[in-house]
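*Asks:* Prediction below, plus the sequence it came from.
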Amino acid sequence: MRARTRMVRRSLLVLACAWLAGPMFPLPQAATALDRDHPPGAAGDDHWGDSWDDGWDDYNQTILRMQRESIASQEEQAREAGRARRRDEIETQQEKSAAEHDAYFDAILADSQAALKSPVGVYYRKPGYSATEVPGSNARTVELGGFTYYYDQGIFWLQQGATYIVVTAPAGAVVDKLPQGVTRIQSTPRPIWYFFGTFFGEKNAGYEVLKPVAGLTVFYLPDGYTQENVNGAGQYRFGETRFKPVFIQGVLAYQVIEK
Amino acid sequence: MLRRGMAGALLAAGLALAAIASVPVARAQEKPQIEAEAARVLTAALERIEKATSFTFHAEVTNDAPLPSGQKVQFPGTLEVAVRRPNGLWNMFEGEQRIARSWYDGKTFTLLNGGKNVYACSPAPEKLDDLLGTMKEKLGFTPPLAPLLRENLVATALAKITSGYVVGRGVIGETRCLHLAFRGKKTDWQFWISEHGEPIIRRIVITYKLEPGAPQFAATFLSWDFAPSLSDAVFTFTPPQGAVQCEFEPVMR
C-alpha cells in the first residue's frame, strides 16, 4: 500500500514536471526535404515581392478583382436557380433523354462560366430578335409608358401583331428579379448591376432599369452594339447608351459617356 | 526513503533536461536562411538574364483565378517576349480571356487588345528599366514576368528572399533541372533551373500566398534565345487596320 502510494506520487511528480516544461521546450517537428519550417525573415519593403506582384498585376488583375467582389450572391443564386429549375423539369418529365441529361450539366457549367467573363451560355437575345411564341413561361408583364413589355430572364419583349420582338430595356421598368449572369458594378454609391447593356438598380422590393450615368464602367458589350467614329474617337453604341473603350490596369473596359 | 524521494526528483529533472536537449537551438532569426546551393544556382540563372543585352523567350503560362464560390479555375496562355536593352520591349500574350500585345521603343508604350482591335499609347521613359519601375504607378499594371526584365534582377531577388532551399531534381520538357523553392513576404517562388550546361530557368511558379485561395502563376519556358537579332521594327507599333484608339485610365490614388 505504501509502496504503491509512493509510486503513484512519483509518477504524478514526473508528469507534473513534464507538463510544466513542455510549453517552454516544444519538441522538434519532423522535417523532410519538402516540408521545412523556415522562420520569417526580416520585415521591410518587399520590392521583390512587389515586383513579382507586378508580374501578377497584369492584364488579369482587374477582371479578377471585379469577379471576386461582384457576384458572390448572384452567382450562387443563379446556379441554384438553374439547378432547381432543371431538377423540377426532369422530375416532372416521364421520359428523360440522354441529350437532356447532358444539357443539364452543360447549363451548370455555363452558369459557372458566366462568372468568369461576359456571359456565355446564359440566356440572351439581342434587340431585334423576333419570335412567334410568347416569351418563356416565367415571363412577367411590365407596364410602362403605355406599353406592355414581357420581361424574361433579363430580356424585354414587345408584341407586334403575331410576333414578339426583343427591345432594349426601357429605363424605368421595374422587375422582380435580376437575370442569371448579371454582374455588379463596383465603385458606385448604391448597388448597380449590369446585364448585356442593361443597368439595374434597387427599387423597393424589385429592380429598376436605369438610364446609366456617364462614367459607369463595364467589361463587356452585348451582342448588337454598333461601332461609331465620333470626332476621330471610336465609340460603341447600344440602344441609347454610348460607351468609349478604355484600358483599366491593362484590361479593356467600356465607359458610359454622355450623348 | 530519502533515496527514493531523490530518485523521483532526479527522474523528473532528467526528463526535463532530455526535453531541453532535443529542442532546436534556432528560433526566429532575422537573417534570411538560404541554402548556399540554392542561392548559387539561382544567382547564376538570373545573372544569365541580367547580363544579356538582348534576349527572347517563349513560355506557356497558367493563371489561377479563385471564384467567389471558392472554386479555383485556371487559365492557360502563351507568352512571347523580346527585350533589347536599354530601350526595347515587345510581348505577346494569348490566353483564354484575352489577346494582348505591347510595344516599347524608348519613347512610347503601346498596348493592343488583339481580340477587340483596341489600343492605347502612353509616353514612356527612355530606358526600359525606368518604364518597368513606373508603369505600375502610372498605368496600374506591368507586363507579365516584368521582374525578369529588370537590370538589377539578381540583387533585387536575393535582397527580398527570406528563405530558400533545394527541393530536389526534376525534369521539365527534356531537361533535367534543379528544383528550388524560395519564400518572400507576400509570395513564394519555385524555380526549375537546368542542371547541366548553362543555368537556364525552365519553369517558374509564383504563389500569391496572401491572396484568397493562394492563386498561382506558372510559366514553363519552351525556349530562350540570348543572342537574337532584333531590329527596330520589332519594337515599333503600327495600328492594325480598323483599330480603335483609346486611353489608359489614370490610376486612382
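*Replies:* On my side now, so go ahead.

*Asks:* ok, B:N113 - how many residues close by?
*Replies:* 22 (other C-beta atoms under 10 Å in any protein chain shown). The way it works is simple: take the backbone N, C-alpha and C, and place the C-beta from them, glycine included.

*Asks:* Helix or strand: which one has the closest residue to it other than its chain neighbours?
*Replies:* For B:N113, ignoring the flanking residues on the chain, the nearest one in space by C-beta to C-beta, 6 or more residues apart in numbering or on different chains is A:L252 at 4.5 Å. If you go by DSSP states H and E, A:L252 is part of strand A:251-257.

*Asks:* From the contact counts, what lies against that strand?
*Replies:* Packing partners of strand A:251-257 (3 or more C-beta pairs under 8 Å, 6 or more residues apart in numbering or on different chains; DSSP states H and E): helix A:61-70, strand A:217-218, strand A:241-248.

*Asks:* can we see that at 10 Å?
*Replies:* helix A:61-70, strand A:217-218, strand A:233-238, strand A:241-248, strand B:108-113, strand B:118-123, strand B:244-248 (3 or more C-beta pairs under 10 Å, 6 or more residues apart in numbering or on different chains; DSSP states H and E).

*Asks:* Report the beta-bridge partners for the closest residue to B:T78 other than its chain neighbours.
*Replies:* Spatial nearest neighbour of B:T78, chain neighbours left out: B:E94 (5.2 Å); criterion: C-beta to C-beta, 6+ apart. Beta-bridge partners for B:E94, by DSSP bridges, are B:T78, B:I99.

*Asks:* can you give me the strands in the stretch 151-253 of chain B?
*Replies:* Per DSSP state E, counting those that start in this stretch, the stretch 151-253 of chain B carries strands over the ranges B:163-172, B:175-183, B:187-194, B:201-208, B:216-225, B:244-248.

*Asks:* how about the shortest one against chain A, any contact?
*Replies:* Yes. Strand B:244-248 comes into contact with chain A when judged by C-beta under 10 Å from any C-beta of the partner chain, the residues involved being B:V244, B:Q245, B:C246, B:E247, B:F248.

*Asks:* Run through the neighbouring helices and strands of whichever strand or helix holds A:I165.
*Replies:* With secondary structure defined by DSSP H and E, A:I165 is part of strand A:163-167. Contact here means 3+ C-beta pairs under 10 Å, 6+ apart; on that basis strand A:163-167 packs against strand A:130-131, strand A:147-152, strand A:155-160.

*Asks:* Could you count how many residues lie near B:P32?
*Replies:* B:P32 has 21 neighbouring residues, counting by other C-beta under 10 Å.

*Asks:* got it, and B:P250?
*Replies:* 10.

*Asks:* For A:Y123, see how far away it is.
*Replies:* 37 Å (C-beta to C-beta, to the nearest Å).

*Asks:* My guess is the residue nearest to B:T78 contacts B:F75. True?
*Replies:* No. Applying C-beta atoms under 10 Å as the test, B:E94 and B:F75 come out as separate, 11.1 Å apart.

*Asks:* Which neighbours do the two have in common?
*Replies:* B:V61 (C-beta atoms under 10 Å, 6 or more residues apart in numbering or on different chains).

*Asks:* my guess is B:E80 is in a strand, correct?
*Replies:* Yes. Counting by DSSP: H, G, I helix; E, B strand; the rest coil, B:E80 is part of a strand.

*Asks:* In the stretch 151-259 of chain A, which residue sits closest to chain B?
*Replies:* Among all residues of the stretch 151-259 of chain A, A:G234 sits closest to chain B, at 3.1 Å; criterion: C-beta to the nearest C-beta.

*Asks:* Can you name the residues that contact that residue?
*Replies:* A:Q227, A:E228, A:F243, A:K244, A:P245, B:N117, B:V118, B:G242, B:A243, B:V244, B:Q245, B:C246.
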